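1. 3D, please:
(2 chains)
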Amino acid sequence: MIGFLARTLDNRLRASKFLRSAINHVFPDHWSFMLGEIALYCFVILVATGIFLAMFYDGSSAKVIYHGSYGPLRGVEMDKALESVIHICFDVPAGLLIRQIHHWAANVFIGAILVHQARIFFTAAFRKPRELNWVVGMTLLILAIVNGYLGYSICGDLLSGAGMRIGYSIMLSIPVIGPWITFLFMGGTVPVDATLPRMYALHIFLVPALITLLIVIHLGIVWRQMHTNYPGPHRTNKTIVGSRLWPSYTLKSLGLFLLIFAVLAALGGLVQIDPVWVYGPYNPVAILPGAQPDWYLGWIEGAMRLFPGVHIASSGKLWFPEVFFPAVLFPMGLFILLYLYPFLDELFTFDAREHHVLRLPWEQPFNTAFGCGLIALLVVLEFAGGDDVVALAGNYSVVEIRDILRILVFVVPVITWAVAYVLCRRARRRHLERQKIEIVESIAGPGCSARPADSSAEVMEPQA
Amino acid sequence: MKERDQGDRVSEPCGTEAPATSADVFREGKRSRLPGSLLAVGVLLWEWAAKTERSQPHRSPSPESANPLPGGEECGETANRGALPSRVLEVEPVSHEQIGTFLVVCAFLVALGGGIGFLITYWTGGSNLLLGAMLALFSAGMGMALILWSHLLTLNKQVVEPREQMQPPPQERESVVEDFQAGAGQIHRRGILKWMIAGGVGTIAAVVMSMFRSLGQSPDSTIYSRVWKRGQRLMTSEGKPVSIHMLVPGSTVIVFPEGSIGSEKAQTVLLRVDEGLLQLPSDRTDWAPNGNLAFSRVCTHAGCAVGMYETTTHQLMCPCHQSTFDVLRGAEPSGGPAARALPQLPLYADSDGVLRAGGGFSDIPGPGYWGMP
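-> Predicted coordinates:
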């Protein structure tokens, strides 16, 4: 059967040559190479569950009185959007499950991208010729975050309404074009009827299409350049070590997909997420105490809370509102720095050669320290984003916590940087010493070890 | 350095090239590779099975096993691939077929159970909780089955292949450039044609850009308004006017302009404090009859509703980012990330003692933007 199909196709496409190289493509076996796959499969699940949800969701802010089967909200006026979401949750069979899988998958998607990116960063897989894919990956991260925000903003509940209001303020603070961009994307001063359909269209058409396109490019580049290898026997700049796509990698990858789906199904079924019916409908006058964005925006929220009340105004006019610095300038600067990182690394290590063998974290103290410091910074900001929750839980004053965090946000990253740097330096020195001993022994000792090294072996050099 | 060192450690037969027949087969005996997925619960069993396998080196492979090792077959394969000169580094043996098959079957059975459970739950209108659990069970079983199958019952070959360098030889690149330039040379290029192209592209761009106009109004119309007009009565959200004595000192109420109750931008907080405590700027001294003060309720920081009031310190607080505003000094920011005061609404009491707006807000309410007056 498969043979017949394959022959039929091959007679028309002459695909056998490509197919042969495809099924023999070599993939290295290392757990950390699965992280990107997790993100990819999350996206597949997001699209599948999203299509289901789109058949019920109604992105309209027309007001209706709720009459569905969820008792506590009966008779309450709300946006049609929220009514349709609550309908999915309570009246569509398995609707709540699908919706919660969708939301969980979005969280895991962004989380997997981040961890994947951290892996790339800490092993310097972004070096030539893979800078290109680093840039594509950064863009994917940003698009994923944007689509996550759009997704939870279009539910029309109180929490998403607050999020939308803050998003509006951030967009408004962009210099020169801020108000114009805001009105283009949101259709007026939020809340306004045009906002939901606009965000919905972006959420299900534009951004997913861009993500799909970039994923195709990303995988195409990975396929063309082949994976990197961790340092080890036979792994050089001119070889690739691993198992073939068919059969072992295919089976494993399919299995991974199913396991991820299992985790998401379990989360979606058993762990509640974004219970819009608890928050109730959006009402611009009401406000939810302890409101938090989803975690992937928590760091921006934290920066907004910690940044002092400073703005730039002159001659009676405001130019840079206070929101601009923590919520526009800071993330933009961070992303630009990360976009440029591979090129800066190339510049500062005077190393423009191709690399296909990874650098281990301790072999690159500066990079590792930078990465650790950055993570520490983001963790502190994430904390700051939930400072009111922390204050409430521990019965502290929010102001005290904020004052402490304003100090920690500088101190913790610097200390982390220094500790990571020192530890890496020490590990590298120890390793080099051990290597020296081994070489001496191998020369002096009897037997087989005098085999000349592979001439193409990657020579490890301390980073400049 | 490192590479050579590790290369040496590979348990290759001492110092010699391996005999031709098995030249391509190396076993990295001591490195027991963890399976790619740490998620696999069966890993431990697998390790055990693999160990059992290794401790029985002389066990002859059963005839129907997917086939064990090396020799002739590998060579044949290398020859077959032809274009792909590759060596097989390590072949993970197919371990204990019976155990493997048993585990895989078990996993499939779990999946089957989950699937059937899902169907029953779904068709009997069961809860989402159970649906999720069943779906997870099904998917986990299937996934485990495939992964175990791949690890236990599939010949996993570790191969080394040469890798193509991404930087092309110069002549390869040059030839493309030449072809491109030759092709470009064949295009007849006159000045007028270039202008036409530019005109066409420009027009299309203008057409596309123009379509953005359909997306709605320009910012000016709504964003600059101070909302309130002189003489408008203050209304509670139930639509009742507010008298000068309604509030006791220390209490607050949300008010709107008459006719736009519930409006986001017009929402205003009315408070009453002891008149003696007020430290309003000199031009606002008559804005607070009997200690009744009104401020925009939209935070100047990020537009949340400034929903909290601390009576003892007379601070309005925004729950979103914890900006605080000192009511007594005209809602100047007193802490947190906000930099601008909440716009104040001038008030006066008419002859009936009902509070009315003495004009618009002192500033444009809401979050700031470029060029905000």
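2. CA atoms for contacts and neighbours, from now on please.
-> Fine.
3. And B:Phe294, its phi and psi?
-> That one is not Phe; residue B:294 is Ala. When read as degrees, to the nearest 10, the backbone of B:Ala294 gives phi -130, psi 130.
4. And for A:Thr239?
-> phi -130, psi 160.
5. The closest residue to it other than its chain neighbours and A:Asn237, how far apart?
-> Among residues not flanking A:Thr239 along the chain, B:Pro162 sits closest, at 4.3 Å (CA to CA, 6 or more residues apart in numbering or on different chains). Separation of B:Pro162 from A:Asn237 (CA to CA, to the nearest Å): 9 Å.
6. where along the stretch 301-450 of chain A do the strands fall?
-> A:312-314, A:317-320 (DSSP state E, counting those that start in this stretch).
7. picking up where we left off before, comparing B:Pro162 and A:Asn237, which shows the higher neighbour count?
-> Per other CA atoms under 10 Å in any protein chain shown, whichever of B:Pro162 and A:Asn237 has more neighbours is A:Asn237, with 22 against 15.
8. List the residues that contact the residue lying closest to the more buried one once chain neighbours are set aside.
-> Leaving out its chain neighbours, the residue that sits closest to A:Asn237 by CA to CA, 6+ apart is A:His356, at 5.0 Å. A:His356 sits next to A:Ala125, A:His227, A:Thr228, A:Asn229, A:Thr236, A:Asn237, A:Lys238 when contact means CA atoms under 8 Å, 6 or more residues apart in numbering or on different chains.
9. Show me what the longest helix along chain B is packed up against.
-> Across chain B, the longest stretch assigned as helix under DSSP state H is helix B:97-123. Other helices and strands packing on helix B:97-123, by 3 or more CA pairs under 8 Å, 6 or more residues apart in numbering or on different chains; DSSP states H and E, are helix B:128-152.
10. Now the helix it packs on: average pLDDT?
-> The predicted model assigns helix B:128-152 a mean pLDDT of 94.
11. Please apply the same query to stretch A:87-105.
-> On average, the pLDDT along stretch A:87-105 is 96.
12. what residues are up against A:Gly309?
-> With CA under 8 Å, 6+ apart, A:Gly309 has these contacts: A:Glu322, B:Gly335, B:Gly336, B:Pro337, B:Ala338, B:Ala339.
13. distance of B:Met372 from A:Leu9?
-> Distance from B:Met372 to A:Leu9, counting by CA to CA: 64 Å.
14. Could you do A:Asn237 as well?
-> The value you get for A:Asn237 to A:Leu9, if CA to CA is used, is 37 Å.
15. And chain A, split by domain according to the record?
-> A:30-307, A:360-444 (automatic domain parsing).
16. Pick the most deeply packed of the ones you listed.
-> Ranked by mean neighbour count, the domains of chain A are led by domain A:30-307 with a mean of 20 (mean count of other CA atoms under 10 Å in any protein chain shown).
17. how distant is that domain from the center of its chain?
-> Its chain's C-alpha centre and that of domain A:30-307 lie 9 Å apart, by CA atoms, centre = their mean, to the nearest Å.
18. tell me the secondary structure for the spatially closest residue to A:Asp193 that is not a sequence neighbour?
-> Excluding the flanking residues, the one nearest A:Asp193 by CA to CA, 6+ apart is A:Ser61, at 5.6 Å. Put simply, A:Ser61 is coil when judged by DSSP: H, G, I helix; E, B strand; the rest coil.
19. which of the strands of the stretch 301-450 of chain A is buried the deepest?
-> Of all these, strand A:317-320 carries the top mean neighbour count, a mean of 18, counting by mean count of other CA under 10 Å.
20. Send me that strand as PDB with only the CA atoms.
-> Extracted C-alpha coordinates of strand A:317-320, given in PDB (Å, rounded to 0.1, in the frame of the first residue of the first chain):
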ATOM      1  CA  LYS A 317       4.100  69.600  26.500                       C
ATOM      2  CA  LEU A 318       4.800  66.000  27.300                       C
ATOM      3  CA  TRP A 319       7.200  64.100  25.100                       C
ATOM      4  CA  PHE A 320       8.200  60.900  26.700                       C
END
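21. Quickly check: the next helix or strand after it near chain B or not.
-> Later in the chain than strand A:317-320, the nearest helix or strand by DSSP states H and E is helix A:324. No: using CA under 8 Å from any CA of the partner chain, helix A:324 stays clear of chain B, coming no nearer than 8.9 Å.
22. Number of residues surrounding the nearest residue in space to B:Pro346 that is not next to it in sequence?
-> Once flanking residues are discounted, B:Pro346 sits nearest to B:Trp287: 4.5 Å by CA to CA, 6+ apart. B:Trp287: 19 surrounding residues under other CA under 10 Å.
23. now B:Trp287: how far from chain A?
-> 22 Å (CA to the nearest CA, to the nearest Å).
24. still on that earlier bit, confidence score at the residue nearest to A:Thr239?
-> Predicted confidence (pLDDT) for B:Pro162: 91.
25. Reformat the contacts of A:His356 as CSV; add pLDDT.
-> Formatted as CSV, the contacts of A:His356 follow (pLDDT from 0 to 100):
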residue, pLDDT
A:Ala125, 95
A:His227, 93
A:Thr228, 94
A:Asn229, 93
A:Thr236, 90
A:Asn237, 91
A:Lys238, 91
